[in-house]
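> What follows is a predicted protein model with its sequence.
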Amino acid sequence: MTQARHGLYWFQNLSLLSLDLWKYGMLALSLLLLLVALIILTCQLCKCWALKKSETERQHIKEAQKERRQENGFQGKRLEAPLLGFGQQPYHEVKIKKIQKKLKKLGICLSPSLANSSSSDVGHLASETNVPDRSQGKLRFSLLYNNQHLELLLTVVEALGLPSQECTNAFVQVRVLSWASSPSPNLQRIIHEWQTQVVKNGSSSIFGDQFTCILQETELSKSSIRLEVKHFDRYSRHIPLGEVRVSLNTLSTSESVEFCEELHKVTKDTVGEVLVSLKCLPISQRIEIGLLKVKTALLYNSPDKRIYARIDVFCNLHKQKHQKSKPKTLASVIVFNETFLFHLPEPVVWDCAVLISVYEIEPKGRQLVGQAALGKRGPNDRDDHWDCMMQSLQQPVAKWHPLLI
């Protein structure tokens, strides 16, 4: 009887021990599986990190291949050029004309009336646009200066003989310019700016708009008025048709003077300067553009006005996505100190241009302050800043450029 009890007791202890061993075994197996899962997860995270690290480089390669295919496709469709008005011209001529057309649409007719020597690097573009020195048409207007009220009265009468095939909607943009005093005597500032009504459907447009402004008699000697006739385009940039410039120092006091002047080729005025740095990164096929400072011809700071800059890059018929700077308070010298990176589909060659546009923020939109263009648009085109950048790879090179309007 005693032996039976001992056997039963031993059997019960064995059953409890087996149950504990089973529980601990299952726990150990669960921990082992958890450890394996953590190892697999770590490996997957490492692979994802490596893929993300090389994703940018692969994307640049795909973009370059896609752009090359698009360029080859455009070259393969040269037989359709007569539909575009190019005739049977070689591909490189079609390419150059297309670049000129795009830049002209952006308003880069950079041939300032004063700084011909300082802006020879950008004047070459304007000389190739086949614009005559004297445009077609005349402009009638009158000027009256009242020395008692120190008031200038401008009456824009009409525009005569405008090209009917282009000018269906004409208007006149008026700017009163004055030479700035020190420390920037070579810059001009816009005192007043107006715009006439748009006259539709006619080569002879009658306006009849009048504009008045307060102008000190001492400022007449260094002031001038610029009247620019443009074709109004609702969906694109307005097309300039010609301009007339009159110096105000020739006005007789309290006597109205009538003018009927022929339209001349539109030129630009230097209203400021921009300090730009360029750095070429040939390994990553990028160009770094640094916007450092902007100098204007303001007599005093305007804390209620803010400006920003927009950077556009054109290379081999490809326009990169533009980039904008942060808004800054308008002053005589504005410090930006911002850099912008642009990816180039091919190594940097002569067919590359950079356009810097400075805008003033207004409640109803924006107002162009001035534009600066740099780069090389031909194998024989000279640009000291661009050449210095190509000779100093991976090193920034800074230079002042004129802001034109």
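Done, it's in. Residues are numbered from 1 along each chain as shown.
> Please verify my assumption that residue 150 contacts residue 220.
No - using CB atoms under 8 Å, residue 150 makes no contact with residue 220, being 10.0 Å away. Where C-beta positions appear, they are placed from N, C-alpha and C, glycine not excepted.
> With neighbour numbers in mind, choose between these two.
residue 220 (20 against 15; other CB atoms under 10 Å).
> just checking, residue 58 is part of a strand?
No - the assignment for residue 58, made by DSSP: H, G, I helix; E, B strand; the rest coil, is helix rather than a strand.
> State the distance from it to residue 51.
9 Å (CB to CB, to the nearest Å).
> do residue 264 as well
In terms of CB to CB, residue 264 sits 61 Å off from residue 51.
> More neighbours: which of those two?
When neighbours are counted by other CB under 10 Å, residue 264 and residue 51 differ, and residue 264 comes out ahead with 14 against 10.
> Compute the distance between residue 326 and residue 34, please.
Taken as CB to CB, the span from residue 326 to residue 34 is 50 Å.
> Check residue 53 too.
In terms of CB to CB, residue 53 sits 29 Å off from residue 34.
> and what of residue 278?
The value you get for residue 278 to residue 34, if CB to CB is used, is 56 Å.
> Between those two, which is the more surrounded one?
More crowded of residue 278 and residue 34, by other CB under 10 Å: residue 278, with 23 against 10.
> what about that one, which helix or strand?
Here residue 278 is covered by strand 270-281, with elements defined by DSSP states H and E.
> Adjacent strands (with direction) for that strand?
strand 286-296 (antiparallel), strand 397-404 (antiparallel) (DSSP bridges).
> Could you give me the buried positions within it?
270-280 (16 or more other CB atoms under 10 Å).
> Now for those: which two are most distant?
Of all pairs drawn from the buried residues of strand 270-281, the widest gap by CB to CB lies between 271 and 280 and measures 29.3 Å.
> Show me how the chain divides into domains.
103-111+119-125+270-404, 133-264 (automatic domain parsing).
> Please convert those domains to JSON lines, extending it with distance to residue 39 and mean pLDDT.
Shown next, in JSON lines, are the domains of the chain (distance: least, CB to CB, whole Å; pLDDT from 0 to 100):
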{"stretch": "domain 103-111+119-125+270-404", "distance to residue 39": "36", "mean pLDDT": "81"}
{"stretch": "domain 133-264", "distance to residue 39": "61", "mean pLDDT": "86"}
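> Let me have those domains in JSON lines, extended by distance to residue 62.
Formatted as JSON lines, the domains of the chain follow (distance: least, CB to CB, whole Å):
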{"stretch": "domain 103-111+119-125+270-404", "distance to residue 62": "11"}
{"stretch": "domain 133-264", "distance to residue 62": "32"}
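> Show me where this protein has its helices.
With DSSP state H, the ranges of helices along the chain come out as 2-76, 91-105, 120-127, 384-391.
> Lowest average confidence across these, which one?
With a mean of 38, helix 120-127 has the lowest mean pLDDT of these.
> and residue 31, how many neighbours?
10.
> so how far is residue 393 from it?
57 Å.
> Apart from its neighbours in sequence, what residue is nearest residue 288?
Counting by CB to CB, 6 or more residues apart in numbering, residue 279 is the residue found nearest to residue 288 once chain neighbours are left out, at 4.1 Å.
> Tell me who's in contact with the one you found.
Residues near residue 279 by CB atoms under 8 Å, 6 or more residues apart in numbering: 287-288, 290, 389, 394-397.
> In JSON lines: those residues, plus distance to residue 45.
Shown next, in JSON lines, are the contacts of residue 279 (distance: CB to CB, whole Å):
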{"residue": "287", "distance to residue 45": "35"}
{"residue": "288", "distance to residue 45": "33"}
{"residue": "290", "distance to residue 45": "37"}
{"residue": "389", "distance to residue 45": "41"}
{"residue": "394", "distance to residue 45": "34"}
{"residue": "395", "distance to residue 45": "38"}
{"residue": "396", "distance to residue 45": "38"}
{"residue": "397", "distance to residue 45": "43"}
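> quick one: which of those residues is nearest residue 191?
Closest to residue 191, out of all of the contacts of residue 279 and judged by CB to CB, is residue 290, at 32.0 Å.
> Might one say that the closest one is in contact with residue 309?
No - assessed by CB under 8 Å, residue 290 is found out of contact with residue 309, at 11.3 Å.
> which of these two has more neighbours?
residue 309 (24 against 17).
> got the contact list for the nearest residue to the more buried one once chain neighbours are set aside?
Excluding the flanking residues, the one nearest residue 309 by CB to CB, 6+ apart is residue 325, at 4.4 Å. By CB under 8 Å, 6+ apart, the contact set of residue 325 is 291, 308-311, 336, 338.
> are any of these buried, and which?
Buried by 16+ other CB under 10 Å: 291, 308-309, 311, 336, 338, out of those.
> Measure how the strand holding residue 278 sits relative to helix 384-391, angle-wise.
10 degrees (axes from the mean of the first three to the mean of the last three CA atoms, to 10 degrees).
> How about the contacts made by residue 395?
Residue 395 touches residue 279, counting by CB under 8 Å, 6+ apart.
> and the gap between it and residue 280?
Taking CB to CB, one finds residue 395 at 9 Å from residue 280.
> Same question for residue 53.
24 Å.
> got it, and residue 175?
Taking CB to CB, one finds residue 175 at 37 Å from residue 280.
> Format the buried residues of strand 270-281 as a markdown table; extra columns: distance to residue 332.
Below are these laid out as a markdown table (distance: CB to CB, whole Å):
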| residue | distance to residue 332 |
| --- | --- |
| 270 | 15 |
| 271 | 12 |
| 272 | 9 |
| 273 | 11 |
| 274 | 13 |
| 275 | 14 |
| 276 | 18 |
| 277 | 21 |
| 278 | 25 |
| 279 | 27 |
| 280 | 32 |
